[in-house]
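A.B. asks: missing the sequence, but the structure's below:
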DNA sequence: TAGTGGTCTAGACCACAAA
DNA sequence: TTGTGGTCTAGACCACTAT
(Lines give C-alpha, C1' and ligand atoms only; values in the text may rest on other atoms or scores of the structure.)
Protein backbone atom coordinates (compact mmCIF):
# COMPACT_ATOMS: atom_id res chain seq x y z
CA UNK A 1 0.00 0.00 0.00
CA UNK A 2 1.62 3.11 -1.28
CA UNK A 3 1.49 6.34 0.64
CA UNK A 4 -1.32 8.71 -0.21
CA UNK A 5 1.04 11.41 -1.53
CA UNK A 6 2.42 8.97 -4.06
CA UNK A 7 -1.01 7.94 -5.18
CA UNK A 8 -1.84 11.58 -5.77
CA UNK A 9 1.46 12.11 -7.58
CA UNK A 10 0.78 9.14 -9.84
CA UNK A 11 -2.70 10.36 -10.61
CA UNK A 12 -1.52 13.89 -11.31
CA UNK A 13 1.13 12.45 -13.61
CA UNK A 14 -1.59 10.62 -15.47
CA UNK A 15 -3.68 13.76 -15.78
CA UNK A 16 -0.69 15.75 -17.02
CA UNK A 17 0.10 13.06 -19.60
CA UNK A 18 -3.55 13.09 -20.68
CA UNK A 19 -3.16 16.78 -21.44
CA UNK A 20 -5.76 17.85 -18.91
CA UNK A 21 -3.80 20.98 -18.03
CA UNK A 22 -2.29 21.71 -21.43
CA UNK A 23 -4.35 24.84 -21.94
CA UNK A 24 -3.00 26.82 -19.01
CA UNK A 25 0.05 24.65 -18.35
CA UNK A 26 -0.91 24.96 -14.72
CA UNK A 27 -2.03 22.44 -12.14
CA UNK A 28 -5.14 23.20 -10.09
CA UNK A 29 -4.37 25.22 -6.98
CA UNK A 30 -3.49 23.43 -3.78
CA UNK A 31 -6.91 24.20 -2.36
CA UNK A 32 -8.59 22.75 -5.42
CA UNK A 33 -6.49 19.59 -5.20
CA UNK A 34 -7.36 19.27 -1.50
CA UNK A 35 -10.98 19.44 -2.58
CA UNK A 36 -10.61 17.07 -5.53
CA UNK A 37 -8.77 14.35 -3.62
CA UNK A 38 -10.21 14.84 -0.17
CA UNK A 39 -6.68 15.01 1.14
CA UNK A 40 -4.87 17.35 3.46
CA UNK A 41 -2.57 20.08 2.29
CA UNK A 42 0.40 18.03 3.52
CA UNK A 43 -0.49 15.25 1.08
CA UNK A 44 -1.15 17.55 -1.83
CA UNK A 45 2.11 19.39 -1.30
CA UNK A 46 3.93 16.07 -0.92
CA UNK A 47 2.59 14.94 -4.28
CA UNK A 48 3.61 18.21 -5.93
CA UNK A 49 7.07 17.86 -4.39
CA UNK A 50 7.42 14.41 -5.95
CA UNK A 51 6.57 15.77 -9.38
CA UNK A 52 8.80 18.80 -8.89
CA UNK A 53 11.73 16.58 -7.96
CA UNK A 54 11.11 14.58 -11.12
CA UNK A 55 11.27 17.83 -13.05
CA UNK A 56 7.69 17.57 -14.31
CA UNK A 57 6.33 20.69 -12.65
CA UNK A 58 7.66 23.75 -10.88
CA UNK A 59 5.74 25.71 -8.27
CA UNK A 60 5.91 29.50 -8.34
CA UNK A 61 4.91 31.20 -5.14
CA UNK A 62 1.93 33.46 -5.55
CA UNK A 63 1.23 32.18 -8.99
CA UNK A 64 0.68 28.45 -9.27
CA UNK A 65 2.25 25.12 -10.15
CA UNK A 66 3.39 25.04 -13.76
CA UNK A 67 3.80 22.01 -15.98
CA UNK A 68 7.23 21.89 -17.55
CA UNK A 69 7.89 21.24 -21.21
CA UNK A 70 8.75 17.74 -22.24
CA UNK A 71 12.33 16.83 -22.77
CA UNK A 72 12.83 15.51 -26.26
CA UNK A 73 15.26 12.76 -27.06
CA UNK A 74 16.61 9.86 -25.08
CA UNK A 75 18.34 10.85 -21.91
CA UNK A 76 19.10 8.88 -18.81
CA UNK A 77 18.47 10.37 -15.39
CA UNK A 78 21.72 10.74 -13.53
CA UNK A 79 20.25 11.06 -10.09
CA UNK A 80 17.62 8.68 -8.89
CA UNK A 81 17.09 5.60 -10.96
CA UNK A 82 15.39 2.33 -10.34
CA UNK A 83 17.38 0.75 -13.10
CA UNK A 84 17.62 1.43 -16.78
CA UNK A 85 14.48 -0.60 -17.50
CA UNK A 86 12.36 1.78 -15.42
CA UNK A 87 13.94 4.79 -17.12
CA UNK A 88 12.64 3.78 -20.54
CA UNK A 89 9.26 2.16 -20.00
CA UNK A 90 8.29 2.70 -23.63
CA UNK A 91 11.44 1.39 -25.22
CA UNK A 92 12.92 -2.01 -25.80
CA UNK A 93 15.47 -2.52 -23.07
CA UNK A 94 17.67 -5.59 -23.38
CA UNK A 95 20.38 -6.75 -21.01
CA UNK A 96 22.77 -9.31 -22.38
CA UNK A 97 24.50 -11.23 -19.63
CA UNK A 98 28.17 -11.67 -20.40
CA UNK A 99 29.20 -13.10 -17.06
CA UNK A 100 27.34 -14.30 -14.00
CA UNK A 101 29.24 -15.92 -11.17
CA UNK A 102 29.07 -16.32 -7.44
CA UNK A 103 32.47 -15.31 -6.17
CA UNK A 104 34.02 -13.67 -3.13
CA UNK A 105 35.20 -10.15 -2.45
CA UNK A 106 38.89 -9.41 -2.62
CA UNK A 107 40.36 -6.80 -0.33
CA UNK A 108 39.68 -3.84 -2.59
CA UNK A 109 36.09 -4.76 -3.34
CA UNK A 110 35.42 -5.56 0.32
CA UNK A 111 36.58 -2.09 1.24
CA UNK A 112 34.35 -0.49 -1.34
CA UNK A 113 31.38 -2.62 -0.34
CA UNK A 114 31.90 -2.14 3.40
CA UNK A 115 31.93 -5.90 4.01
CA UNK A 116 34.34 -8.64 5.06
CA UNK A 117 36.98 -9.91 2.70
CA UNK A 118 35.86 -13.19 1.10
CA UNK A 119 32.19 -12.25 1.47
CA UNK A 120 30.07 -14.03 -1.16
CA UNK A 121 29.01 -11.75 -4.00
CA UNK A 122 27.37 -12.18 -7.35
CA UNK A 123 29.45 -10.70 -10.13
CA UNK A 124 27.33 -9.74 -13.11
CA UNK A 125 28.64 -8.30 -16.34
CA UNK A 126 26.04 -7.07 -18.79
CA UNK A 127 25.80 -5.24 -22.05
CA UNK A 128 22.76 -3.03 -21.93
CA UNK A 129 20.90 -1.93 -25.01
CA UNK A 130 17.97 0.39 -25.59
CA UNK A 131 16.14 0.04 -28.89
CA UNK A 132 18.98 -2.20 -30.09
CA UNK A 133 21.59 0.49 -29.48
CA UNK A 134 24.38 -0.49 -27.08
CA UNK A 135 24.27 1.95 -24.16
CA UNK A 136 26.53 0.65 -21.46
CA UNK A 137 28.87 -2.11 -20.42
CA UNK A 138 28.25 -2.73 -16.77
CA UNK A 139 30.16 -4.68 -14.17
CA UNK A 140 28.15 -5.08 -10.98
CA UNK A 141 28.49 -6.84 -7.66
CA UNK A 142 25.58 -7.84 -5.44
CA UNK A 143 26.14 -9.06 -1.89
CA UNK A 144 24.73 -12.57 -1.51
CA UNK A 145 23.66 -11.61 1.99
CA UNK A 146 20.90 -9.50 0.43
CA UNK A 147 20.49 -11.21 -2.92
CA UNK A 148 20.54 -14.92 -2.05
CA UNK A 149 19.71 -16.15 -5.52
CA UNK A 150 20.38 -15.00 -9.06
CA UNK A 151 20.40 -16.60 -12.47
CA UNK A 152 20.86 -15.58 -16.05
CA UNK A 153 17.16 -15.27 -16.73
CA UNK A 154 16.69 -12.82 -13.88
CA UNK A 155 19.81 -10.88 -14.85
CA UNK A 156 18.51 -10.61 -18.41
CA UNK A 157 15.54 -8.66 -17.13
CA UNK A 158 15.37 -5.90 -14.59
CA UNK A 159 17.46 -6.82 -11.58
CA UNK A 160 16.05 -3.88 -9.65
CA UNK A 161 12.49 -4.96 -10.22
CA UNK A 162 13.44 -8.47 -9.08
CA UNK A 163 15.10 -7.22 -5.92
CA UNK A 164 12.24 -4.91 -5.05
CA UNK A 165 9.25 -6.99 -5.96
CA UNK A 166 10.48 -10.56 -5.50
CA UNK A 167 13.07 -10.20 -2.78
CA UNK A 168 11.26 -7.37 -0.99
CA UNK A 169 14.36 -5.21 -0.68
CA UNK A 170 13.72 -1.56 0.05
CA UNK A 171 16.15 0.86 -1.53
CA UNK A 172 17.49 3.88 0.27
CA UNK A 173 19.93 5.97 -1.72
CA UNK A 174 22.83 5.83 -4.15
CA UNK A 175 26.21 7.45 -4.46
CA UNK A 176 27.53 8.03 -7.93
CA UNK A 177 30.93 9.21 -9.09
CA UNK A 178 31.14 10.34 -12.69
CA UNK A 179 34.37 10.72 -14.61
CA UNK A 180 36.03 10.01 -17.94
CA UNK A 181 37.62 6.71 -18.71
CA UNK A 182 38.90 4.75 -21.68
CA UNK A 183 37.54 1.50 -23.01
CA UNK A 184 39.49 -1.72 -22.67
CA UNK A 185 39.47 -4.26 -25.46
CA UNK A 186 36.53 -6.30 -24.20
CA UNK A 187 34.31 -3.31 -23.33
CA UNK A 188 35.04 -1.77 -26.71
CA UNK A 189 34.19 -4.98 -28.54
CA UNK A 190 30.92 -5.28 -26.68
CA UNK A 191 29.90 -1.68 -27.30
CA UNK A 192 30.96 -1.81 -30.93
CA UNK A 193 33.66 0.82 -30.43
CA UNK A 194 37.45 0.89 -30.58
CA UNK A 195 39.81 0.05 -27.76
CA UNK A 196 41.04 3.30 -26.27
CA UNK A 197 37.88 5.20 -27.14
CA UNK A 198 36.72 7.52 -24.36
CA UNK A 199 33.68 6.77 -22.24
CA UNK A 200 31.72 8.39 -19.50
CA UNK A 201 32.13 6.18 -16.47
CA UNK A 202 29.73 6.05 -13.55
CA UNK A 203 30.66 4.21 -10.41
CA UNK A 204 27.56 3.54 -8.44
CA UNK A 205 27.12 2.44 -4.82
CA UNK A 206 23.55 1.53 -3.90
CA UNK A 207 22.28 1.29 -0.34
CA UNK A 208 19.18 -0.22 1.23
CA UNK A 209 16.86 1.91 3.28
CA UNK A 210 18.61 0.68 6.41
CA UNK A 211 21.86 2.20 5.15
CA UNK A 212 23.56 -1.06 4.15
CA UNK A 213 25.32 -1.20 0.81
CA UNK A 214 24.04 -4.08 -1.28
CA UNK A 215 25.27 -3.28 -4.78
CA UNK A 216 28.28 -1.63 -6.36
CA UNK A 217 28.82 -1.21 -10.06
CA UNK A 218 31.17 0.16 -12.65
CA UNK A 219 29.46 1.39 -15.79
CA UNK A 220 31.04 2.43 -19.05
CA UNK A 221 28.72 4.36 -21.36
CA UNK A 222 28.74 4.54 -25.12
CA UNK A 223 29.94 8.03 -25.96
CA UNK A 224 27.47 8.45 -28.77
CA UNK A 225 24.40 6.62 -27.57
CA UNK A 226 24.28 7.64 -23.92
CA UNK A 227 23.28 11.12 -22.78
CA UNK A 228 22.25 12.08 -19.29
CA UNK A 229 20.17 14.75 -17.73
CA UNK A 230 19.86 16.07 -14.25
CA UNK A 231 17.28 18.45 -12.90
CA UNK A 232 17.60 20.11 -9.57
CA UNK A 233 15.99 22.74 -7.47
CA UNK A 234 18.31 25.52 -6.35
CA UNK A 235 16.64 26.47 -3.08
CA UNK B 1 16.00 36.17 6.97
CA UNK B 2 16.44 32.49 6.25
CA UNK B 3 13.76 29.97 7.04
CA UNK B 4 13.96 28.27 10.38
CA UNK B 5 14.51 24.84 8.87
CA UNK B 6 17.61 26.13 7.10
CA UNK B 7 18.94 27.70 10.23
CA UNK B 8 18.57 24.35 11.98
CA UNK B 9 20.18 22.56 9.05
CA UNK B 10 23.14 24.93 9.12
CA UNK B 11 23.55 24.50 12.86
CA UNK B 12 23.32 20.73 12.62
CA UNK B 13 25.91 20.81 9.86
CA UNK B 14 28.19 22.74 12.18
CA UNK B 15 27.67 20.25 14.99
CA UNK B 16 28.34 17.34 12.66
CA UNK B 17 31.53 18.99 11.42
CA UNK B 18 32.57 19.64 15.02
CA UNK B 19 32.36 15.90 15.62
CA UNK B 20 29.64 16.19 18.23
CA UNK B 21 27.96 12.98 17.05
CA UNK B 22 31.06 11.07 15.98
CA UNK B 23 30.74 8.54 18.77
CA UNK B 24 27.41 7.08 17.76
CA UNK B 25 27.33 8.51 14.24
CA UNK B 26 23.74 9.37 15.00
CA UNK B 27 21.91 12.66 15.30
CA UNK B 28 19.73 13.26 18.35
CA UNK B 29 16.19 11.95 17.90
CA UNK B 30 13.57 14.21 16.39
CA UNK B 31 11.99 14.72 19.80
CA UNK B 32 15.34 15.74 21.26
CA UNK B 33 15.94 18.20 18.43
CA UNK B 34 12.46 19.66 18.93
CA UNK B 35 13.44 20.16 22.55
CA UNK B 36 16.92 21.53 21.80
CA UNK B 37 15.79 24.08 19.23
CA UNK B 38 12.32 24.86 20.50
CA UNK B 39 11.02 24.12 17.04
CA UNK B 40 8.17 22.07 15.70
CA UNK B 41 8.59 18.63 14.26
CA UNK B 42 7.94 20.08 10.81
CA UNK B 43 11.01 22.30 11.12
CA UNK B 44 13.22 19.60 12.53
CA UNK B 45 12.23 17.16 9.80
CA UNK B 46 12.72 19.89 7.20
CA UNK B 47 16.26 20.46 8.45
CA UNK B 48 17.01 16.73 8.38
CA UNK B 49 15.61 16.55 4.83
CA UNK B 50 18.01 19.30 3.75
CA UNK B 51 20.97 17.39 5.16
CA UNK B 52 19.71 14.12 3.71
CA UNK B 53 19.40 15.68 0.27
CA UNK B 54 22.96 16.91 0.55
CA UNK B 55 23.99 13.34 1.36
CA UNK B 56 25.27 14.19 4.82
CA UNK B 57 22.85 12.02 6.82
CA UNK B 58 20.36 9.27 6.17
CA UNK B 59 17.32 8.59 8.32
CA UNK B 60 16.39 4.99 9.12
CA UNK B 61 12.86 4.46 10.29
CA UNK B 62 12.65 3.03 13.77
CA UNK B 63 16.32 3.54 14.35
CA UNK B 64 17.57 7.09 13.96
CA UNK B 65 19.30 9.56 11.67
CA UNK B 66 22.80 8.44 10.81
CA UNK B 67 25.72 10.60 9.79
CA UNK B 68 27.28 9.47 6.54
CA UNK B 69 31.00 9.03 5.98
CA UNK B 70 32.89 11.86 4.37
CA UNK B 71 33.64 11.73 0.71
CA UNK B 72 37.38 12.01 0.15
CA UNK B 73 38.87 13.82 -2.78
CA UNK B 74 37.71 16.68 -4.90
CA UNK B 75 34.39 16.08 -6.58
CA UNK B 76 31.89 18.49 -8.00
CA UNK B 77 28.20 18.08 -7.28
CA UNK B 78 26.33 17.36 -10.47
CA UNK B 79 22.91 18.25 -9.21
CA UNK B 80 22.33 21.44 -7.31
CA UNK B 81 25.10 23.96 -7.43
CA UNK B 82 25.30 27.63 -6.64
CA UNK B 83 28.38 27.91 -8.75
CA UNK B 84 31.78 26.34 -8.54
CA UNK B 85 32.96 28.85 -5.94
CA UNK B 86 30.33 27.66 -3.47
CA UNK B 87 31.24 24.03 -4.14
CA UNK B 88 34.79 24.49 -2.90
CA UNK B 89 34.65 27.00 -0.06
CA UNK B 90 38.03 25.86 1.25
CA UNK B 91 39.90 25.92 -2.03
CA UNK B 92 41.34 28.60 -4.23
CA UNK B 93 38.83 29.08 -7.02
CA UNK B 94 39.92 31.32 -9.86
CA UNK B 95 37.94 32.29 -12.94
CA UNK B 96 39.91 33.74 -15.79
CA UNK B 97 37.76 35.79 -18.12
CA UNK B 98 38.64 35.07 -21.74
CA UNK B 99 35.75 36.95 -23.31
CA UNK B 100 33.09 39.29 -22.05
CA UNK B 101 30.77 41.01 -24.46
CA UNK B 102 27.26 42.30 -24.66
CA UNK B 103 25.79 40.78 -27.80
CA UNK B 104 22.44 39.60 -29.12
CA UNK B 105 20.92 36.16 -29.42
CA UNK B 106 20.91 34.47 -32.79
CA UNK B 107 18.05 32.20 -33.72
CA UNK B 108 19.49 29.06 -32.18
CA UNK B 109 20.42 30.67 -28.88
CA UNK B 110 17.08 32.46 -28.70
CA UNK B 111 15.31 29.14 -29.01
CA UNK B 112 17.42 27.60 -26.29
CA UNK B 113 16.95 30.59 -24.02
CA UNK B 114 13.22 30.92 -24.69
CA UNK B 115 13.56 34.55 -25.66
CA UNK B 116 13.27 36.74 -28.74
CA UNK B 117 15.88 36.70 -31.44
CA UNK B 118 18.26 39.67 -31.04
CA UNK B 119 17.63 39.84 -27.31
CA UNK B 120 20.60 41.41 -25.51
CA UNK B 121 22.78 38.88 -23.72
CA UNK B 122 26.12 38.89 -22.00
CA UNK B 123 28.45 36.31 -23.45
CA UNK B 124 31.08 35.22 -20.96
CA UNK B 125 33.86 32.76 -21.64
CA UNK B 126 35.89 31.69 -18.65
CA UNK B 127 38.60 29.25 -17.74
CA UNK B 128 37.91 27.99 -14.27
CA UNK B 129 40.59 26.67 -11.98
CA UNK B 130 40.56 25.10 -8.55
CA UNK B 131 43.82 25.13 -6.63
CA UNK B 132 45.57 26.19 -9.84
CA UNK B 133 44.32 23.16 -11.76
CA UNK B 134 42.26 23.93 -14.86
CA UNK B 135 38.83 22.39 -14.36
CA UNK B 136 36.56 23.68 -17.05
CA UNK B 137 36.24 25.92 -20.05
CA UNK B 138 32.86 27.56 -19.87
CA UNK B 139 30.85 29.53 -22.37
CA UNK B 140 27.86 31.16 -20.76
CA UNK B 141 25.08 33.52 -21.75
CA UNK B 142 23.16 35.76 -19.35
CA UNK B 143 20.05 37.61 -20.45
CA UNK B 144 20.55 41.33 -19.97
CA UNK B 145 16.93 41.56 -18.95
CA UNK B 146 17.87 39.91 -15.64
CA UNK B 147 21.55 40.83 -15.43
CA UNK B 148 21.64 44.49 -16.44
CA UNK B 149 25.30 45.01 -15.70
CA UNK B 150 28.44 42.91 -15.82
CA UNK B 151 32.14 43.59 -15.99
CA UNK B 152 35.35 41.64 -15.94
CA UNK B 153 35.90 42.14 -12.24
CA UNK B 154 32.54 40.64 -11.39
CA UNK B 155 33.00 37.78 -13.85
CA UNK B 156 36.37 36.99 -12.28
CA UNK B 157 34.64 36.24 -9.02
CA UNK B 158 31.49 34.30 -8.37
CA UNK B 159 28.82 35.37 -10.82
CA UNK B 160 26.21 33.46 -8.87
CA UNK B 161 27.01 35.24 -5.66
CA UNK B 162 26.80 38.55 -7.51
CA UNK B 163 23.44 37.71 -9.04
CA UNK B 164 22.00 36.49 -5.77
CA UNK B 165 23.38 39.00 -3.32
CA UNK B 166 23.86 42.13 -5.40
CA UNK B 167 21.13 41.78 -8.01
CA UNK B 168 18.68 40.03 -5.70
CA UNK B 169 17.86 37.28 -8.19
CA UNK B 170 16.24 34.21 -6.73
CA UNK B 171 17.18 30.93 -8.35
CA UNK B 172 14.68 28.21 -9.05
CA UNK B 173 16.10 25.14 -10.73
CA UNK B 174 18.50 23.96 -13.39
CA UNK B 175 18.39 21.49 -16.25
CA UNK B 176 21.62 19.79 -17.15
CA UNK B 177 22.46 17.55 -20.06
CA UNK B 178 25.66 15.56 -19.75
CA UNK B 179 27.44 13.94 -22.64
CA UNK B 180 30.85 13.36 -24.19
CA UNK B 181 32.43 15.86 -26.48
CA UNK B 182 35.81 16.67 -28.00
CA UNK B 183 37.92 19.73 -27.40
CA UNK B 184 38.39 22.34 -30.08
CA UNK B 185 41.73 24.06 -30.51
CA UNK B 186 41.00 27.00 -28.22
CA UNK B 187 39.40 24.99 -25.41
CA UNK B 188 42.29 22.52 -25.51
CA UNK B 189 44.85 25.30 -25.33
CA UNK B 190 43.11 26.88 -22.37
CA UNK B 191 42.80 23.60 -20.46
CA UNK B 192 46.35 22.56 -21.27
CA UNK B 193 45.22 19.55 -23.28
CA UNK B 194 45.39 18.50 -26.91
CA UNK B 195 42.88 19.38 -29.59
CA UNK B 196 40.62 16.38 -30.11
CA UNK B 197 40.98 15.18 -26.53
CA UNK B 198 37.69 13.96 -25.03
CA UNK B 199 35.81 15.95 -22.41
CA UNK B 200 32.74 15.59 -20.30
CA UNK B 201 30.37 18.28 -21.47
CA UNK B 202 27.56 19.72 -19.37
CA UNK B 203 24.99 21.97 -20.95
CA UNK B 204 23.23 23.87 -18.24
CA UNK B 205 20.00 25.86 -18.34
CA UNK B 206 19.32 27.85 -15.18
CA UNK B 207 15.93 29.26 -14.25
CA UNK B 208 14.79 31.85 -11.75
CA UNK B 209 12.26 30.93 -9.11
CA UNK B 210 9.54 32.39 -11.32
CA UNK B 211 10.39 29.82 -13.98
CA UNK B 212 12.18 32.19 -16.36
CA UNK B 213 15.45 31.07 -17.89
CA UNK B 214 18.19 33.61 -17.22
CA UNK B 215 21.40 31.71 -17.96
CA UNK B 216 22.52 29.01 -20.35
CA UNK B 217 26.00 27.59 -20.52
CA UNK B 218 28.18 25.10 -22.27
CA UNK B 219 30.90 23.62 -20.09
CA UNK B 220 33.81 21.46 -21.14
CA UNK B 221 35.53 19.69 -18.26
CA UNK B 222 39.13 18.60 -17.98
CA UNK B 223 39.06 14.82 -18.22
CA UNK B 224 41.66 14.35 -15.54
CA UNK B 225 40.94 17.15 -13.10
CA UNK B 226 37.15 17.10 -12.97
CA UNK B 227 35.18 14.38 -11.24
CA UNK B 228 31.55 14.58 -10.26
CA UNK B 229 29.35 12.98 -7.71
CA UNK B 230 25.65 12.66 -7.33
CA UNK B 231 23.74 11.41 -4.35
CA UNK B 232 20.09 10.61 -4.45
CA UNK B 233 17.38 9.05 -2.42
CA UNK B 234 15.59 6.14 -4.08
CA UNK B 235 12.19 6.52 -2.44
C1' DT C 1 7.46 -3.73 24.21
C1' DA C 2 9.50 0.75 23.86
C1' DG C 3 11.58 4.00 20.88
C1' DT C 4 12.14 6.14 16.43
C1' DG C 5 11.17 7.96 11.97
C1' DG C 6 7.04 8.23 8.24
C1' DT C 7 2.50 9.82 7.10
C1' DC C 8 -1.45 12.49 7.81
C1' DT C 9 -4.80 16.08 9.55
C1' DA C 10 -6.36 20.88 10.75
C1' DG C 11 -5.42 25.31 11.12
C1' DA C 12 -2.59 29.71 11.15
C1' DC C 13 0.22 33.30 9.26
C1' DC C 14 3.69 34.97 5.76
C1' DA C 15 5.77 36.20 1.02
C1' DC C 16 5.03 36.92 -3.45
C1' DA C 17 2.50 37.50 -8.20
C1' DA C 18 -0.98 39.31 -10.76
C1' DA C 19 -4.81 42.05 -11.45
C1' DT D 1 -6.35 43.67 -3.02
C1' DT D 2 -6.86 38.90 -3.86
C1' DG D 3 -5.14 34.51 -4.65
C1' DT D 4 -1.35 31.58 -4.61
C1' DG D 5 2.42 28.78 -2.79
C1' DG D 6 5.90 28.66 1.54
C1' DT D 7 6.62 28.08 6.44
C1' DC D 8 5.22 26.79 10.85
C1' DT D 9 2.62 24.76 14.89
C1' DA D 10 0.23 20.97 17.54
C1' DG D 11 -1.26 16.68 17.72
C1' DA D 12 -2.47 11.89 16.06
C1' DC D 13 -1.56 7.34 14.37
C1' DC D 14 1.34 4.05 11.66
C1' DA D 15 5.63 1.14 10.29
C1' DC D 16 9.73 -0.35 11.48
C1' DT D 17 14.01 -1.34 14.62
C1' DA D 18 15.97 -2.90 18.55
C1' DT D 19 15.65 -5.20 22.92
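C.D. replies: In hand now; what should we look at? As the structure is a prediction and not an experimental result, all values here were calculated from the model.
A.B. asks: please make it C-alpha for all contacts and neighbour counts, starting now.
C.D. replies: Will do.
A.B. asks: what residue ranges in chain A score low on pLDDT?
C.D. replies: A:1, A:80-82, A:235 (pLDDT under 70).
A.B. asks: okay, now residue A:42: neighbour count?
C.D. replies: 12 (other C-alpha atoms under 10 Å in any protein chain shown).
A.B. asks: which SS state does it fall under?
C.D. replies: helix (DSSP: H, G, I helix; E, B strand; the rest coil).
A.B. asks: go on, residue A:123?
C.D. replies: Applying three-state DSSP: residue A:123 is strand.
A.B. asks: how far away is it from DNA strand C?
C.D. replies: 31 Å (C-alpha to the nearest atom of the strand, to the nearest Å).
A.B. asks: contacts only, for that residue.
C.D. replies: Residue A:123 makes contact with A:99-103, A:139-142 under the criterion C-alpha atoms under 8 Å, 6 or more residues apart in numbering or on different chains.
A.B. asks: let's see 6 Å
C.D. replies: A:100-101, A:140-141 (C-alpha atoms under 6 Å, 6 or more residues apart in numbering or on different chains).
A.B. asks: in PyMOL, select just the buried ones from those residues.
C.D. replies: Buried subset of those, written as a PyMOL selection, criterion 16 or more other C-alpha atoms under 10 Å in any protein chain shown:
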select buried, chain A and resi 100+140+141
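A.B. asks: can I get the contacts of residue A:123 in TSV including distance to DNA strand C?
C.D. replies: Shown next, in TSV, are those (distance: C-alpha to the nearest atom of the strand, whole Å):
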residue	distance to DNA strand C
A:100	34
A:101	35
A:140	27
A:141	26
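A.B. asks: quickly find the element holding residue A:16.
C.D. replies: Secondary structure assigned from DSSP states H and E places residue A:16 in helix A:4-17.
A.B. asks: what sits up against the helix or strand just after that helix?
C.D. replies: Using DSSP H and E, the helix or strand that follows helix A:4-17 towards the C-terminus is helix A:30-37. Contacts to helix A:30-37, defined as C-alpha under 6 Å, 6+ apart, come from residues residue A:40.
A.B. asks: could you tell me how far residue A:215 is located from DNA strand D?
C.D. replies: From residue A:215 to DNA strand D the distance is 17 Å (C-alpha to the nearest atom of the strand).
A.B. asks: just residue A:123 next, same as before
C.D. replies: 26 Å.
A.B. asks: next: residue A:158.
C.D. replies: 22 Å.
A.B. asks: and if you look at residue A:117?
C.D. replies: 23 Å.
A.B. asks: near DNA strand C, which residues of chain A?
C.D. replies: A:3-6, A:38-43, A:60-63 (C-alpha under 7 Å from any atom of the strand).
A.B. asks: now a PyMOL select for only the buried ones of these.
C.D. replies: Applying 16+ other C-alpha under 10 Å to the residues of chain A next to DNA strand C, the buried members can be selected in PyMOL as follows:
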select buried, chain A and resi 5+6+43
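A.B. asks: and which of the residues of chain A next to DNA strand C is nearest DNA strand D?
C.D. replies: Nearest to DNA strand D among the residues of chain A next to DNA strand C is residue A:62, at 2.8 Å by C-alpha to the nearest atom of the strand.
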